[in-house]
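Novice: 3D, please:
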Amino acid sequence: MRHLFLSLLVLLGLEAAAQKMIVATSPYYPKADSIACYLPDSAASGQEKFPVVIALHGFGGGNWQWPKICDLKMLANEYGMIIVCPDGFGDSWYLDSPKGDNNYATFFENAVLPVIADSLPVDTASMFITGLSMGGHGALHLALRCKGKFRAAGSMSGVLDLTKSALVKSSLSKIMGPVSASNPNWNKFSAVGHVDDFAKSGMPIIVSCGAQDYLVECNRDFARRCSLAGVDAVYTESPGKHEGKYWSAQLPEHIRFFRRFINK
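Specialist: Purely as a prediction, here's the structure:
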């Protein structure tokens with residue numbers, strides 16, 4: 001009961017902070033996705049369309065994680081962009097499981113994106129996606145999957161090689177099966193396995209990781225592969241751990257990067 005009460009308080013606080021909550025439902029996924037939305041004040045006139053940044057949370061998080069890390073309303077006003085935070089269900093990993101029991105990527109493409117476009121004053125030619133940790137993996141994975149939907153994508157402290165995750169023997173193995181040389185799913189769903197696809201897409205990406213993050217080596221490896229393949233990628237590395245303090249500084253950097261590609 002105590003945990004239920006605390007969860008309710010978190011949700012009520014999020015409702016108060018977010019200007020709008022929209023819900024995506026679909027037969028592709030058994031749960032509804034509640035999406036927290038932060039709009040510039042100028043959106044109240046109803047006369048303007050705005051670029052949108054979809055910010056994905058990390059493992060165990062929800063639509064409340066980014067609002068706890070950053071003042072999203074302030075960023076929406078400062079940069080004139082809508083920022084939305086899907087729930088992501090804690091451990092979906094933002095993919096369609098090869099085991100067939102988790103179809104979040106299909107759900108995102110066919111339900112989450114349409115409800116964002118239909119419910120908010122979105123310039124659909126200027127949509128961007130980024131995320132932290134599990135969400136960094138998810139942002140790059142979904143950007144490739146949803147062809148033509150995003151102008152650019154980003155990853156912060158992303159699990160860009162899924163075999164390097166601290167959850168390789170728990171959450172991820174439940175979705176994809178055991179990690180082994182004979183199981184192709186780990187490379188199939190890792191960003192490091194799709195560098196050539198990023199090159200072909202021509203999509204600009206920004207990848208950031210803290211120098212003290214346990215995932216820094218797989219991020220460096222991804223950046224090296226992108227450089228060799230001619231991917232339009234920016235890699236930034238600065239002091240920081242796998243924590244909110246680092247991500248709060250990086251989200252504005254990603255938004256500034258995205259602004260270069262508005263309506264282009």
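Novice: what's the local residue count around residue 178?
Specialist: 12 (other CB atoms under 10 Å). Yep, even glycine has a C-beta here, placed from its N, CA and C like the rest.
Novice: in three-state terms, label it for me.
Specialist: For residue 178, the assignment made with DSSP: H, G, I helix; E, B strand; the rest coil gives coil.
Novice: go on, residue 54?
Specialist: strand.
Novice: what ranges in the protein fall below the confidence cut-off?
Specialist: In the predicted model, the chain carries pLDDT under 70 at residues 1-18, 264.
Novice: rerun at 90
Specialist: 1-19, 26-31, 45-47, 88-89, 97-102, 180-181, 263-264 (pLDDT under 90).
Novice: in the stretch 101-250 of the chain, which spans are strands?
Specialist: With DSSP state E, counting those that start in this stretch, the ranges of strands along the stretch 101-250 of the chain come out as 122-131, 152-156, 205-210, 233-238.
Novice: mind putting these in CSV, distance to residue 57 and mean neighbour count included?
Specialist: CSV is the format used below for the strands of the stretch 101-250 of the chain (distance: least, CB to CB, whole Å; neighbours: other CB atoms under 10 Å):
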stretch, distance to residue 57, mean neighbour count
strand 122-131, 7, 23
strand 152-156, 11, 29
strand 205-210, 16, 26
strand 233-238, 21, 16
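Novice: so which of those gets nearest residue 41?
Specialist: Of all the strands of the stretch 101-250 of the chain, it is strand 122-131 that lies closest to residue 41, at 16.6 Å by CB to CB.
Novice: who touches that closest one?
Specialist: Residues from elsewhere that reach strand 122-131, judged by CB atoms under 8 Å, 6 or more residues apart in numbering: 49-58, 82, 94, 113, 116-117, 136-139, 142-143, 149-156, 158, 206, 251, 254, 258, 261-263.
Novice: and these, which of them are buried?
Specialist: The neighbour-count test (16 or more other CB atoms under 10 Å) marks 50-58, 82, 94, 113, 116, 136-139, 142-143, 149-156, 158, 206, 251, 254, 258, 262 as buried among the contacts of strand 122-131.
Novice: one step back: export the strands of the stretch 101-250 of the chain to TSV and tack on distance to residue 174?
Specialist: Formatted as TSV, the strands of the stretch 101-250 of the chain follow (distance: least, CB to CB, whole Å):
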stretch	distance to residue 174
strand 122-131	20
strand 152-156	23
strand 205-210	26
strand 233-238	31
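Novice: for the ones you listed, which one sits closest to residue 35?
Specialist: Within the strands of the stretch 101-250 of the chain, the stretch nearest residue 35 is strand 122-131; the backing value is 12.1 Å (CB to CB).
Novice: direction included, what does the closest one pair up with?
Specialist: On the basis of DSSP bridges, the sheet neighbours of strand 122-131 come out as strand 50-56 (parallel), strand 152-156 (parallel).
Novice: can you list those strands in JSON lines and add distance to residue 127?
Specialist: Output for the strands paired with strand 122-131, formatted as JSON lines (distance: least, CB to CB, whole Å):
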{"stretch": "strand 50-56", "distance to residue 127": "5"}
{"stretch": "strand 152-156", "distance to residue 127": "9"}
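Novice: now do the same contact list for residue 234.
Specialist: Contacts for residue 234 were tallied using CB under 8 Å, 6+ apart; they are 204, 205, 206, 207, 257.
Novice: buried residues in stretch 195-204?
Specialist: By neighbour count on 16+ other CB under 10 Å, the buried set for stretch 195-204 is 195, 198, 199, 201, 203, 204.
Novice: now the terminal residues of stretch 209-217, how far apart.
Specialist: By CA to CA, to the nearest Å, the extent of stretch 209-217 from end to end equals 9 Å.
Novice: can you list contacts of it?
Specialist: Defining contact as CB under 8 Å, 6+ apart, one finds that stretch 209-217 is touched by 133, 156-160, 164-166, 219-220, 236-242, 246.
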